[in-house]
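*Asks:* requesting a structural model of the entry that follows:
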Amino acid sequence: MANRIWNIDGEDTIGSDGAVLHWEDHKYFTLTFNGQTFAGEILDENTESNFLKIKLNHRVFEIRKKGELDDLISAMGLDVPKVRKLKELEAPMPGRIVNIAVEVGQELNVGDDILSLEAMKMENVLKAEGVGKVKGINIKNDDVVEKGAVLIEFE
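*Replies:* Numbers count the residues shown, from 1 in each chain. Here you go, the predicted structure:
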């Protein structure tokens, strides 16, 4: 039964019978299920990790076939991603601080906006690359900073 479990958009799903797949070429296909037809396209594939990224009727899905090795990796706790702990944020380039999106004491997760830095007439949003709690903010809006300057410190 484990070979019929699929992970679609992060949720385990048991495969079902009755779907008919017709390939137009190596990238495009038509899927018929319960009398409905869906236009499909393969956006990305990685056969070694049983991964597909497809588009069905303009909706994108990430699909991964689960197997015995996935169950073993999960049982050993090796499927939990390691998250980096933030220490400090340095200016990646010289520029002017446009907006500070955090406050002292704020908890950050991966991908959270930290601040906006204008450089060469472009606004760059710097995002958290790990987790942490803001300990100190060493800049304010409209400050001009040099590359490598410590902008924000984390606990």
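*Asks:* surely V125 meets D113?
*Replies:* Yes: using CB atoms under 8 Å, V125 makes contact with D113 at a distance of 5.6 Å. In this view, the C-beta of every residue, glycine as well, is placed from N, C-alpha and C.
*Asks:* what helix or strand is T30 located in?
*Replies:* strand 28-33 (DSSP states H and E).
*Asks:* what's in contact with the helix or strand following that strand?
*Replies:* Downstream of strand 28-33, the next assigned helix or strand under DSSP H and E is strand 36-46. Under the contact criterion CB atoms under 8 Å, 6 or more residues apart in numbering, strand 36-46 has outside partners 26-32, 51-57, 60.
*Asks:* tell me the mean pLDDT over strand 36-46?
*Replies:* Across strand 36-46, the average pLDDT comes to 90.
*Asks:* give me the sheet partners of it and which way each runs.
*Replies:* Strand 36-46 has the following sheet partners, assigned by DSSP bridges: strand 28-33 (antiparallel), strand 51-56 (antiparallel).
*Asks:* what's the spacing between it and its chain's center?
*Replies:* Taking CA atoms, centre = their mean, to the nearest Å, one finds strand 36-46 lying 20 Å from the centre of the chain it belongs to.
*Asks:* please write out the alpha-carbon positions of that strand in PDB.
*Replies:* Extracted C-alpha coordinates of strand 36-46, given in PDB (Å, rounded to 0.1, in the frame of the first residue of the first chain):
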ATOM      1  CA  GLN A  36     -13.900  15.500 -16.300                       C
ATOM      2  CA  THR A  37     -10.900  16.400 -18.500                       C
ATOM      3  CA  PHE A  38      -7.900  18.400 -17.300                       C
ATOM      4  CA  ALA A  39      -5.200  20.000 -19.400                       C
ATOM      5  CA  GLY A  40      -1.800  19.300 -17.900                       C
ATOM      6  CA  GLU A  41       1.800  20.400 -18.200                       C
ATOM      7  CA  ILE A  42       5.000  19.100 -16.500                       C
ATOM      8  CA  LEU A  43       6.800  22.200 -15.100                       C
ATOM      9  CA  ASP A  44       9.700  20.400 -13.300                       C
ATOM     10  CA  GLU A  45      10.700  16.800 -12.700                       C
ATOM     11  CA  ASN A  46      13.300  14.900 -10.600                       C
END
